[in-house]
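*Asks:* this is a predicted model, with the sequence first.
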Amino acid sequence: MKLAVLSGGTGWHVQDVLRAAARLGHEARAVDFRTVWAGIVLSPPPLAGEGLGFVPPSPGGRGVRGEGDCLPPPLVEGRSPRSGGRGDSQNESKTPLPVAAQPTSPQRGEVFQTASVGGDTASEPLPQSPSPLTPLPPGEGGTRKDTLPTLRRVISAGAPATPAVLERFTRLLPPGVQVFTPYGATEALPVSNIGSDEILTETRHLTDQGRGVCVGKPVHGVTVHVIPISDEPIPTWDDSLQLPRNQVGEFVIRGPIVTKQYFHRDEATKLAKIFDPATGKTLHRMGDVGYLDDTGRLWFAGRKSHRVETPHGTLFTDMVEPIFNTVPWVARTALVGVTRNGVAYPVLCVEPKSAVKSGEWEMDALRAAGARFDHTRRIGTFSIVMSFPVDVRHNSKIFREKLAVSVSQWLGPNGIPEEPS
């Protein structure tokens, strides 16, 4: 069997999968899926040779473990007689690769349509293109000739997928095929799900207006409660804790997917778990804030620990940053808080698009974007950061805590962030 492992690099989890495939006698190769995300589909040669092949990271990328600017790959499911599970190893295997499986140098950009990594899921190369490179038009997703015709669904998980990425990737899919972006956590997964059709036609526009990020309706068997935001333990559940619809609070999850405790971490368990004496069940506090709308959809507003409590109200990252992300020269933003004399002030860190020159960083455009909405109107201090620090696991989740320290040092011990009058 020929197996292609979709990868954004050559991280430890990819190597574990390839080792397992080799032990099962499968011919396997790691495939750099970022060539599709970048907007170029490369015409792939067939799998050749024995052992494992690694596609090197794209130019400028730093791989799975680094702090590069590459997007994480989606989990893609294709047509297959049977579909196996996907197991993620928690520890890097120390077993050396067999001699025949040492990394080779296959041609870059080999992209295959494949399903899950486990099971007997065959992969098939993309149809040969007229030329080695088939660039997708900027801002477009290419024509139907560039589609991935055998895909039935695409699931993107582990980190948020922006509407811009979804829009571009869905143009590669056959009619009617969506990209699904489930929401959840290791302690409770999945919680909810939403498809690209709903995101691109409706919720993205509300996100740009500071309404939060819609993550869909709860999956079958799962109930989501919204409770007042608190950093203290809540030992026992009571229905009176629930907030009304459209009011921001912390998500609490009830259902069979919820874990009961952390292993040998009693303090973490106290902060994250709530026991319901009426049912004998354990509920999980997500550490995420947001609200339920009138139709029962969840709207994610950010991490509880990332909220900025100012004298004028509490600001939530995912109800602030999307507003400023609409500015043309901005790649992404990060809201942080800086405390001076016991008062928290909001500062917006801005990562510019790499193709935009510094002379084109229009700060007035940022101020104008914030002035459109009441909750962002008082944000008047902006810090340009050329590359945000991100987590090594997903290579996309922003370390706002590190940015807050850097901003505080940049302002100086007596520096107070400005607020528009």
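*Replies:* It's in. Numbers count the residues shown, from 1 in each chain.
*Asks:* which residue is the nearest non-sequential neighbour of residue 344?
*Replies:* residue 337 (4.5 Å; C-beta to C-beta, 6 or more residues apart in numbering). All C-beta spots, glycine's among them, are computed from the backbone N, C-alpha and C.
*Asks:* my read: the one you found touches residue 347, true?
*Replies:* Yes. Between residue 337 and residue 347 there is a contact under C-beta atoms under 8 Å: 7.3 Å.
*Asks:* of those two, who's got more company?
*Replies:* Neighbour totals were compared for residue 337 and residue 347, and residue 347 leads with 23 against 20 (other C-beta atoms under 10 Å).
*Asks:* ok, the helix or strand encompassing the more buried one: who's next to it in the sheet?
*Replies:* In the assignment (DSSP states H and E), residue 347 maps to strand 343-352. Using DSSP bridges, the strands paired with strand 343-352 are strand 330-340 (antiparallel), strand 382-384 (parallel).
*Asks:* just to check, residue 300 is in contact with residue 211?
*Replies:* No. Between residue 300 and residue 211 no contact is recorded; they are 10.5 Å apart, counting by C-beta under 8 Å.
*Asks:* so for those two, which sits in the more crowded spot?
*Replies:* Applying other C-beta under 10 Å to residue 300 and residue 211 shows that residue 300 carries more neighbours, namely 23 against 20.
*Asks:* what distance do you get for the more buried one to residue 398?
*Replies:* Distance of residue 300 to residue 398, computed by C-beta to C-beta, to the nearest Å: 15 Å.
*Asks:* any buried residues in stretch 285-305, and which?
*Replies:* 285-286, 288-293, 297-304 (16 or more other C-beta atoms under 10 Å).
*Asks:* end to end, how far does it reach?
*Replies:* Its first and final residues considered, stretch 285-305 spans 13 Å by C-alpha to C-alpha, to the nearest Å.
*Asks:* now it: mean pLDDT?
*Replies:* Mean per-residue pLDDT for stretch 285-305: 98.
*Asks:* neighbouring contacts of that stretch?
*Replies:* 183, 185, 188, 191-192, 194, 211-218, 224, 226, 229, 231, 234, 243, 245-253, 271-274, 307, 316-319 (C-beta atoms under 8 Å, 6 or more residues apart in numbering).
*Asks:* again with stretch 347-361
*Replies:* When contacts are defined by C-beta under 8 Å, 6+ apart, stretch 347-361 is touched by residues 69, 320-321, 324, 329-338, 366, 370, 379, 381-388, 403, 407, 411, 417.
*Asks:* which of these count as buried?
*Replies:* Taking 16+ other C-beta under 10 Å as the criterion, what is buried in these is 69, 320-321, 324, 329-338, 366, 370, 379, 381-383, 385, 388, 403, 407, 411, 417.
*Asks:* confidence score at the residue nearest to residue 344?
*Replies:* Confidence score, pLDDT, at residue 337: 97.
*Asks:* residues contacting it?
*Replies:* 308-310, 315, 344-347, 404.
*Asks:* run through the neighbouring helices and strands of the helix or strand residue 169 falls within.
*Replies:* Per DSSP H and E, residue 169 falls inside helix 163-170. Contacts defined by 3 or more C-beta pairs under 8 Å, 6 or more residues apart in numbering; DSSP states H and E place helix 163-170 against helix 34-37, strand 179-180, helix 196-198.
*Asks:* again, only using 10 Å
*Replies:* If you count contacts as 3 or more C-beta pairs under 10 Å, 6 or more residues apart in numbering; DSSP states H and E, helix 163-170 packs onto helix 34-37, strand 153-155, strand 179-180, helix 196-198, helix 204-207.
*Asks:* neighbouring strands - and their directions - for the helix or strand following the shortest one?
*Replies:* Next helix or strand after strand 179-180 toward the C-terminus (DSSP H and E): strand 183-185. Looking at strand 183-185 with DSSP bridges, its paired strands and their directions are strand 188-193 (antiparallel).
*Asks:* list of residues touching the strand it pairs with?
*Replies:* In this structure, residues lying in contact with strand 188-193 by C-beta atoms under 10 Å, 6 or more residues apart in numbering are 155, 157, 180-185, 214-219, 222-224, 251-259, 272, 283-286, 288, 296-298, 300.
*Asks:* any of those residues buried? List them.
*Replies:* Using 16+ other C-beta under 10 Å, the buried ones in those are 155, 157, 180-185, 214-219, 222, 224, 251-255, 257-259, 272, 283-286, 288, 297-298, 300.
*Asks:* on that earlier part again, so which of the contacts of strand 188-193 are in helices?
*Replies:* Among the contacts of strand 188-193, the members falling in helices (DSSP state H) are residue 272.
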